[in-house]
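K.L.:
The sequence isn't on hand, but the structure is:
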């Protein structure tokens, strides 16, 4: 087994699933290529990157793309107090994440890449093409061999985004990353919450995944919604123990409903053309999962009383 294959085996224990994506991302960065990961939130993009840099001992610099990410914030600035005392010099330059990553041979990870201003993205062109940047009054900064630029973006959310120029696309490899399978989602939730209740994990994953298929929802929840649902349901069950007078089954379903409302209502985007609220959509999905689906599977089953959220 080669050294690279051995490293790949080590990474497999740090990421749930994502076999193909891990292979491709690892191959790209080993080949010295910069990379753009396109996919919805919560699809393990940053998890894979943390695993690779952590395994290799490579510094990882995070940058959030937004309208306030200026070229100066990305490259760095001169310390104003020292400039007043000493004038401009290379010694009083405070490196930004781009320069720090280049000098250290680290990875610069830009999240929400398409939310950064166009002039800020253009700052990265020289760093990607020439592996260097020119900083006024400091000189040329040359990147160490292990420097990589990795960016991520959600291609399905166009609010507040800018168009990525062909010049930027031309300098990066691109990988589309989708949602994981049901089994992988369950494994992720179990790993992140340490929950031993397999039924709760399965119910949380099923309701969360159904938000992506509802006709009134433009953007559903990632697996993070299921993680929070399970995390909230455990203490909520303890808080309500013996208080509501419901049967154990109905009490469980009421807990899942309220945990779902709390965990998922802020993570879904309802279509502007419909009048439904996020809470109404989640309640409908809960009813479909606990009431309608079981009744379809077992004709003649008794009607279940739908509890009101408390």
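P.N.:
Ah, there it is. If you're wondering where the values come from, they're calculated on a predicted model, not measured in any experiment.
K.L.:
Next, residue 61: secondary structure please.
P.N.:
Taking DSSP: H, G, I helix; E, B strand; the rest coil as the rule, one finds residue 61 in the strand state.
K.L.:
Once you drop chain neighbours, what's closest to it?
P.N.:
The shortest distance from residue 61 to any non-neighbouring residue, by CB to CB, 6 or more residues apart in numbering, is to residue 97 (4.2 Å). Backbone N, C-alpha and C define where each C-beta goes, glycine included.
K.L.:
Now that neighbour: phi and psi?
P.N.:
Note on residue 97: backbone dihedrals following degrees, to the nearest 10 are phi -60, psi -30.
K.L.:
Against residue 127, how distant is it?
P.N.:
Residue 97 sits 11 Å away from residue 127, taking CB to CB, to the nearest Å as the criterion.
K.L.:
of the two, who's got more company?
P.N.:
Neighbours were counted for residue 97 and for residue 127 using other CB atoms under 10 Å; residue 127 has more, 23 against 19.
K.L.:
Please report the distance of the more buried one from residue 133.
P.N.:
Counting by CB to CB, the separation of residue 127 from residue 133 is 5 Å.
K.L.:
for residue 238, same thing?
P.N.:
Applying CB to CB, the value for residue 238 to residue 133 is 54 Å.
K.L.:
neighbour-wise, which of those two wins?
P.N.:
Higher neighbour count among residue 238 and residue 133: residue 133, with 22 against 9, using other CB under 10 Å.
K.L.:
could you give the mean pLDDT of stretch 208-217?
P.N.:
For stretch 208-217, the mean per-residue pLDDT is 93.
K.L.:
picking up where we left off before, need the contact list for the residue nearest to residue 61.
P.N.:
For residue 97, the contact set (CB atoms under 8 Å, 6 or more residues apart in numbering) comprises 61, 62, 63, 74, 108.
K.L.:
Tell me the one of those residues nearest residue 280?
P.N.:
Distances from residue 280 to those, taken as CB to CB, are shortest for residue 62 (36.1 Å).
K.L.:
Write down the beta-bridge partners of the closest one, one by one.
P.N.:
With DSSP bridges as the criterion, residue 62 is bridged to residue 109.
K.L.:
Would you enumerate the residues in contact with residue 183?
P.N.:
Taking CB under 8 Å, 6+ apart, one finds nothing in contact with residue 183.
K.L.:
Is it part of a helix or strand, or is it coil?
P.N.:
For residue 183, the assignment made with three-state DSSP gives helix.
K.L.:
Quick check: it vs residue 60, distance?
P.N.:
29 Å.
K.L.:
Just the buried ones from the contacts of residue 97?
P.N.:
Buried by 16 or more other CB atoms under 10 Å: 61, 63, 74, 108, out of those.
K.L.:
what two of those have the greatest distance between them?
P.N.:
Pairwise distances across these peak at 10.3 Å for 61 and 74 (criterion: CB to CB).
K.L.:
Need the overlap of contacts for these two.
P.N.:
What both residue 61 and residue 74 touch, as defined by CB under 8 Å, 6+ apart, is the set 97, 98.
K.L.:
Return the residues in contact with residue 240.
P.N.:
Residue 240 makes contact with 251, 255 under the criterion CB under 8 Å, 6+ apart.
K.L.:
Residue numbering should commence at 298 henceforth.
P.N.:
With the count now opening at 298, the last piece we talked about shows up as residue 537.
K.L.:
On the pLDDT front, check it for me.
P.N.:
Listed pLDDT for residue 537 reads 88.
K.L.:
before we move on, what about the one 5 residues further on?
P.N.:
We note a pLDDT of 75 for residue 542 in this prediction.
K.L.:
and residue 419, how far is that from residue 524?
P.N.:
Residue 419 sits 37 Å away from residue 524, going by CB to CB.
K.L.:
These two: which has the busier surroundings?
P.N.:
Counted by other CB under 10 Å, residue 419 and residue 524 do not tie: residue 524 has more neighbours, with 24 against 13.
K.L.:
For residue 550, which non-adjacent residue is closest in space?
P.N.:
The shortest distance from residue 550 to any non-neighbouring residue, by CB to CB, 6+ apart, is to residue 587 (5.2 Å).
K.L.:
pLDDT value on the one you found, please?
P.N.:
90.
K.L.:
what does the one 5 residues further on give?
P.N.:
Note on residue 592: pLDDT of 54.
K.L.:
now do the one 4 residues further on
P.N.:
Model confidence at residue 596, expressed as pLDDT, equals 46.
K.L.:
and if you look at the one 3 residues further on?
P.N.:
Residue-level confidence at residue 599 comes out at 43, pLDDT.
K.L.:
now do residue 342
P.N.:
We note a pLDDT of 85 for residue 342 in this prediction.
K.L.:
how near is it to residue 447?
P.N.:
In this structure, residue 342 and residue 447 are 9 Å apart, going by CB to CB.
K.L.:
shared neighbours of these two, anything?
P.N.:
residue 334.
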